[in-house]
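Asks: with the sequence up front, the predicted model follows.
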Amino acid sequence: MRTLDESAAHGTHSIGEFFILKKYRRQGVGRVVAHQVFDLFPGRWSVGQIENNCPAQAFWRKVISEYTHGDYQEIWQNDEEWKGPVQTFGARAIP
């Protein structure tokens, strides 16, 4: 987890790398870990995937949609910093 745009009140969190060993994939481990990370760092999030990584795009769309109950935005970023889809959303604070 890293923080982007620190000029904002609390910054925007971002995941730089996320990897689940193949033998643990499709068992819900990635979803659980991602949700726990979002819960640990409430606030704004931006999660991007590389343009050609279709499995990662499908994973993050599903995980973020479940976490936010569909309340997220996706843009296609195409600039010097990033090329590919980016989902933005707010993570809730756990009481």
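Replies: Yep, that arrived.

Asks: SS state for the spatially closest residue to residue 83 that is not a sequence neighbour?
Replies: Leaving aside its sequence neighbours, residue 83 sits nearest to residue 51 (Cβ to Cβ, 6 or more residues apart in numbering; 4.9 Å). All C-beta atoms are positioned from the backbone trio N, CA, C, and that covers glycine. Under the three-state scheme (DSSP: H, G, I helix; E, B strand; the rest coil), residue 51 adopts coil.

Asks: swap in residue 46?
Replies: Quick answer, by three-state DSSP: residue 46 is strand.

Asks: count the neighbours of it for me.
Replies: Residue 46 is flanked by 18 other residues according to other Cβ atoms under 10 Å.

Asks: does it have beta-bridge partners, and which?
Replies: According to DSSP bridges, the residues that bridge with residue 46 are residue 14, residue 88.

Asks: I'd assumed residue 85 was in contact with it.
Replies: No. Contact criterion Cβ atoms under 8 Å: residue 46 and residue 85 do not qualify, at 11.1 Å.

Asks: next one: the lengthiest helix in the chain to chain centre, how far?
Replies: Longest helix in the chain by number of residues (criterion: DSSP state H): helix 54-68. The chain centre lies 8 Å from the centre of helix 54-68; the measure is Cα atoms, centre = their mean, to the nearest Å.

Asks: dump it to PDB, keeping only the CA atoms.
Replies: Taking C-alpha atoms only, helix 54-68 is exported to PDB below (Å, rounded to 0.1, in the frame of the first residue of the first chain):
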ATOM      1  CA  CYS A  54      -7.000  -8.900 -18.300                       C
ATOM      2  CA  PRO A  55      -7.100 -11.400 -15.400                       C
ATOM      3  CA  ALA A  56      -6.000  -8.700 -13.000                       C
ATOM      4  CA  GLN A  57      -8.600  -6.300 -14.400                       C
ATOM      5  CA  ALA A  58     -11.400  -8.900 -13.900                       C
ATOM      6  CA  PHE A  59     -10.200  -9.700 -10.400                       C
ATOM      7  CA  TRP A  60     -10.000  -6.100  -9.200                       C
ATOM      8  CA  ARG A  61     -13.400  -5.100 -10.800                       C
ATOM      9  CA  LYS A  62     -15.000  -8.000  -9.000                       C
ATOM     10  CA  VAL A  63     -13.300  -7.400  -5.600                       C
ATOM     11  CA  ILE A  64     -13.800  -3.700  -5.600                       C
ATOM     12  CA  SER A  65     -17.400  -4.000  -6.700                       C
ATOM     13  CA  GLU A  66     -18.100  -6.500  -3.900                       C
ATOM     14  CA  TYR A  67     -16.300  -4.300  -1.400                       C
ATOM     15  CA  THR A  68     -18.100  -1.100  -2.400                       C
END
